[in-house]
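1. Sequence plus predicted model, see below.
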Amino acid sequence: MMNDIIGSNPYRKNETMKLLGKQTCEALFFDEVRKQIHDIAEARNTRFDYNAAMDVFLLGYIYGKKEERARKKGGR
């Protein structure tokens with residue numbers, strides 16, 4: 001789980017963060033995403049918190065799954 005942050009746990013802060021805190025990433029998938037996030041940061045010549053980037057990625061993944069499920073149900 002993403003709840004491995006030392007100190008104050010941001011995954012208790014609000015409902016979005018609670019949702020993200022319940023997510024897991026398969027190790028291979030996680031490593032691939034970590035590399036891609038690094039590639040983006042390097043190309044943009046910027047620094048940002050890796051954990052925040054993973055949260056944004058996971059939120060996009062969640063919304064993608066919701067969209068996929070809605071399509072399968074005929075909702076979209």
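-> Thanks, I have the structure now.
2. Pull out the buried positions in the lengthiest helix in the chain.
-> Scanning the chain for the helix with the most residues, using DSSP state H, yields helix 50-72. The neighbour-count check on helix 50-72 (16 or more other C-beta atoms under 10 Å) flags A53, M54, D55, F57, L58 as buried. (Glycine included, C-beta is placed from N, CA and C.)
3. which other helices and strands contact it?
-> When contacts are defined as 3 or more C-beta pairs under 8 Å, 6 or more residues apart in numbering; DSSP states H and E, helix 50-72 packs onto helix 15-21, helix 27-43.
4. Can you tell me the SS state at G74?
-> coil (DSSP: H, G, I helix; E, B strand; the rest coil).
5. what's around it, how many residues?
-> By other C-beta atoms under 10 Å, 6 other residues sit near G74.
6. where does it land on pLDDT?
-> Note for G74: predicted pLDDT of 84.
7. out of the helices and strands packed on helix 50-72, deepest packed?
-> Comparing those by mean neighbour count (mean count of other C-beta atoms under 10 Å), helix 15-21 comes out on top with a mean of 14.
8. ok, the nearest residue to F57 once chain neighbours are set aside to S8 distance?
-> Of all residues not flanking F57 in the chain, V33 sits nearest, at 5.9 Å (C-beta to C-beta, 6 or more residues apart in numbering). Note on V33: its distance to S8, by C-beta to C-beta, to the nearest Å, is 24 Å.
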